[in-house]
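Undergrad: Next comes the sequence, and after it the predicted model I'd like to discuss.
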Amino acid sequence: MNRRVFSVTDHSCIIILARPSGAGPGPDPAAATVKGLSKELKRVGINGLQDVLVRRLGNKRALQPLFDSYGVPANSDYYPLLDLYASRALFLKSSVKDLTNSPDLQLLPAVEMLGKEPASLNSEKITTTHFNKSAKIRIAAMLSGYIQYGRPWNLELPGGRSSGDLKNYADIVRREVSSCSGNVSSDEWWDVTFYIMAQCILPYSAPDQLTVFWKEAEASSCRSRLSPSQKDFMTLLQAVDGRDARGMSQISRKLLDEMPAVHTILEEYILAAGMLGDLSLGKTQEARSLWGQYGSTLDRQSLLLRLLVAHTEYSAEGAAYSGFQK
């Protein structure tokens, strides 16, 4: 059975499209114009092809190793896993990972690169709805335009929250690239750059959407003021933006070697980028070695890291998934 696409309609329902063999056809844009169906799609915020693509979670090639790493069968009438264990989990106050709304899984284009299925998203054609990823893509597009081209700041965060702090961080990124203010400490530079670039913009942007920014950053005299690790981190972010697997693999290793072990989400990000680069190049052993060298002290609850580790140990016959609880 070839499960090609997992598509989420909201934050609680998943649609699985499958066929016995071969990849299924992609979404048909004409479906949004079919009378009756069009009305139902619009009711849940789907007005065109881009609104379908933004809800795609991934394909079997990317996600099967992650699912198999838990060592439990899929819930079915023959094995009602949820009925059997839901009460136990509630009593023990156990938690589950939400595949449809996991920030750490979206931090890098792992599902896209491992599944060999480019995202092909166009932020201008995505409807702004209550769907979380749609809103984040629009925020990323606005931030990208503000930082690269100085477009007007026009942002309303979900729930009426203030965007003042986000604007302050975006202003710091703009200043440090163009005017070298020198008023930002090293710790603040890392915090702001990682938050704005790695967490807010890149995960929700099309490849190479920041081309103008990277050219300006490379040519700016401000670059000379950065430490070697800061320069390398900017190069890593550029590689992630361009889905440059070789660059991700090489620069991540350099950063991990030159930076102190801080055991934070930043270190997780750099390690994950390196592993993703290796796996995308077919270098499974190198990805496994990188995890073995740097992964022992990191967060074992990360879906992103679990996905990458699962790919280093996956085989059609099944495998043991060391370091993660099933």
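TA: Received it, and whenever you're ready, just let me know what you need. Numbering: from 1, shown residues only.

Undergrad: Over to I16. Which of the three states is it?
TA: strand (DSSP: H, G, I helix; E, B strand; the rest coil).

Undergrad: can you list the domains in this structure?
TA: As given by automatic domain parsing, the domain ranges for the chain are 2-101, 110-313.

Undergrad: Tell me where the stretch 201-326 of the chain has helices.
TA: Listed in chain order, the helices of the stretch 201-326 of the chain (DSSP state H, counting those that start in this stretch) span 211-219, 228-241, 245-258, 265-280, 284-294, 303-313.

Undergrad: Helix or strand with the lowest mean pLDDT in the chain?
TA: For the chain, using mean pLDDT, DSSP states H and E, the weakest element among its helices and strands is strand 2-8, scoring a mean of 55.

Undergrad: Nearest approach to G26 belongs to which of the helices of the stretch 201-326 of the chain?
TA: Closest approach to G26 among the helices of the stretch 201-326 of the chain is made by helix 265-280 (21.4 Å; C-beta to C-beta). Every C-beta, even on glycine, is put in place using the N, C-alpha and C of the backbone.

Undergrad: How far off centre is that closest one?
TA: From the chain centre to the centre of helix 265-280 is a distance of 12 Å (C-alpha atoms, centre = their mean, to the nearest Å).

Undergrad: angle of it against helix 228-241?
TA: If you take axes from the mean of the first three to the mean of the last three C-alpha atoms, to 10 degrees, helix 265-280 sits at 50 degrees to helix 228-241.

Undergrad: on that earlier part again, most packed of the domains of the chain?
TA: Among those, domain 110-313 has the highest mean neighbour count (mean count of other C-beta atoms under 10 Å), at a mean of 18.

Undergrad: what about it, average pLDDT?
TA: Domain 110-313 comes out with an average pLDDT of 87.

Undergrad: re earlier: mind putting the helices of the stretch 201-326 of the chain into a markdown table with distance to Q106?
TA: Shown next, in a markdown table, are the helices of the stretch 201-326 of the chain (distance: least, C-beta to C-beta, whole Å):
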| stretch | distance to Q106 |
| --- | --- |
| helix 211-219 | 20 |
| helix 228-241 | 12 |
| helix 245-258 | 16 |
| helix 265-280 | 12 |
| helix 284-294 | 20 |
| helix 303-313 | 8 |
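
Undergrad: Compare those and report which one is nearest to R55.
TA: Short answer: helix 303-313, nearest of the helices of the stretch 201-326 of the chain by C-beta to C-beta, at 17.8 Å.
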